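Novice: Sequence and computational prediction follow.
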Amino acid sequence: MVNENYEPSANDEKVLDALKNGRDEGNPWGRANPRYLVDKTSLDKGNVEFSLRSLRNAGWIQRVARGLYEFVDDPREGDPDES
């Protein structure tokens, strides 16, 4: 369940941006491991792991396997099916 009241930190935003990278171009997107996120965000490993934990607890991402995380939802974007 997605926590719509969660306020992402600046570091959380960097992690979310890295997970969303490529979706507007039709490239693979939405899944990453912490090492990739460290490289893409320039955050240190501890900050990436803290953001992953926070975003996971808020339901915005999920852990699909050991060391692999997947974007679930950003409730600030609204429902893409509503038009």
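Specialist: Looks like it came in fine. Numbers count the residues shown, from 1 in each chain.
Novice: And Leu43, what's its pLDDT?
Specialist: Listed pLDDT for Leu43 reads 98.
Novice: quick one, helices of the chain?
Specialist: 10-20, 34-41, 45-57 (DSSP state H).
Novice: out of these, which comes closest to Met1?
Specialist: helix 45-57 (11.1 Å; Cβ to Cβ). Backbone N, C-alpha and C define where each C-beta goes, glycine included.
Novice: Now do the closest one: distance to the chain's middle.
Specialist: On the basis of Cα atoms, centre = their mean, to the nearest Å, helix 45-57 is displaced by 9 Å from the centre of the chain it belongs to.
Novice: Show residues contacting it.
Specialist: Surrounding helix 45-57, the residues in contact under the criterion Cβ atoms under 8 Å, 6 or more residues apart in numbering are 3, 6, 8-9, 11-12, 14-16, 34, 37-38, 41, 43, 61-63, 69.
Novice: check contacts around the residue most central in space within the chain.
Specialist: A centroid search over the chain (Cα atoms, centre = their mean) returns Leu16, at 3.5 Å, as the residue closest to the centre. Listed by Cβ under 8 Å, 6+ apart, the contact set of Leu16 reads 8, 55, 60, 71, 74.
Novice: Apply 7 Å and report the result again.
Specialist: When contacts are counted by Cβ atoms under 7 Å, 6 or more residues apart in numbering, Leu16 touches 8, 74.
Novice: No further queries at this time; thank you.
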